[in-house]
Every structure is written in structure tokens, then in C-alpha cells.
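Undergrad: Below is the sequence, then the predicted model.
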Amino acid sequence: AVSTPGTSQFGLCTYEATGTNLTPNSNYDGSNAGPTCASTTQTAGTGGTGGDGSSKFAFRTQAQSTFGDTIASEAAGTTSQGVIAFLGNVSTSQTAGIYSSNLIFIATGTY
């Protein structure tokens, strides 16, 4: 989803900062019928510096399992650097409180 201030949202998107072989999963590269997260900064979801306000973010709750969800892959023998941008918005009717999320990132080599 595109960032919509005033609406409760949480998500992430990713893009390759350096290199040429990092392939973000389509759920997290912002390309679901919209522009990618590429060339944005931590303000990707806003119209502010580094963001165009139209990058899409995802958080697939159905992917919460023992094996998680792939957010990006890299071709064997190559190197790239990726960036993960997070989105967090709250609605004016959302109950006040401290909200948190524990995310574990695991890099797995396949041979």
C-alpha cells in the first residue's frame, strides 16, 4: 500500500543500493502496480526529501510462519548492498499506546 497519513499502516520495502544482482521480492520492492522503492530514502513514503509519496510498502502477516517470507535474493558469487525502508502511520482513532514489532532477518545461503 502507498503511505496514507492518518491511516494505521505498517510495512517495509527494499531496494538495491549498490551492485547489480540483488532482486527484491515483488511484495517488498514497491512494484505492485506502482513505482518501486528504488532510489528512495527513509522518507520513501512521503513527499519529502528522497521520497515521491507513491512507493508501496508491504507486511505479509500470512507469511508469518516457521520459514518466514523472502524479501530479496542475490545471485551466487555476487555482492550487492540492499536498503530496507519502513513505513509506520497511525490513525487518529487508534488507541494510544506503545506499539512494537520484532522482526528477525536471516540470511540463508543455498548451495
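TA: Happy to help now that I have it. A quick note: this is a predicted structure, and the numbers were derived from the prediction, not measured.
Undergrad: remind me which residues of this structure are low pLDDT?
TA: Within the chain, the segments meeting pLDDT under 70 span 30-36, 38-54, 62-67, 111.
Undergrad: center of it - which residue?
TA: Cys13 (1.7 Å; Cα atoms, centre = their mean).
Undergrad: Got phi/psi on that residue?
TA: Backbone torsions of Cys13, given as degrees, to the nearest 10, read phi -140, psi 160.
Undergrad: Quick one: residues contacting the residue lying closest to it once chain neighbours are set aside.
TA: Once flanking residues are discounted, Cys13 sits nearest to Cys37: 3.7 Å by Cβ to Cβ, 6 or more residues apart in numbering. For every residue, glycine as well, the C-beta is placed using N, CA and C. By Cβ atoms under 8 Å, 6 or more residues apart in numbering, the contact set of Cys37 is 13-15, 24, 28-30, 44, 55-56, 85.
Undergrad: tell me which of those residues is nearest to Ser91?
TA: Checking those against Ser91 by Cβ to Cβ gives Lys56 as the nearest, at 18.9 Å.
Undergrad: Give the bridge partners for the closest one, please.
TA: Beta-bridge partners recorded for Lys56 (DSSP bridges): Val2.
Undergrad: how close does it sit to Ser73?
TA: Applying Cβ to Cβ, to the nearest Å, the value for Lys56 to Ser73 is 19 Å.
Undergrad: These two: which is more packed in?
TA: Between Lys56 and Ser73, Lys56 has the larger neighbour count (other Cβ atoms under 10 Å), namely 23 against 13.
Undergrad: My understanding was that that one contacts Thr4; is that so?
TA: No: the pair Lys56 / Thr4 is not scored as a contact, 11.1 Å apart, by Cβ atoms under 8 Å.
Undergrad: can you pull out the strands in the chain?
TA: For the chain, the strands defined by DSSP state E cover 9-18, 22-24, 72-74, 81-89.
Undergrad: what's the angle from the last one to strand 9-18?
TA: Relative orientation of strand 81-89 versus strand 9-18 (axes from the mean of the first three to the mean of the last three Cα atoms, to 10 degrees): 160 degrees.
Undergrad: Name every strand pairing with strand 81-89 and say which way it goes.
TA: Paired neighbours of strand 81-89 in the sheet (DSSP bridges): strand 9-18 (antiparallel).
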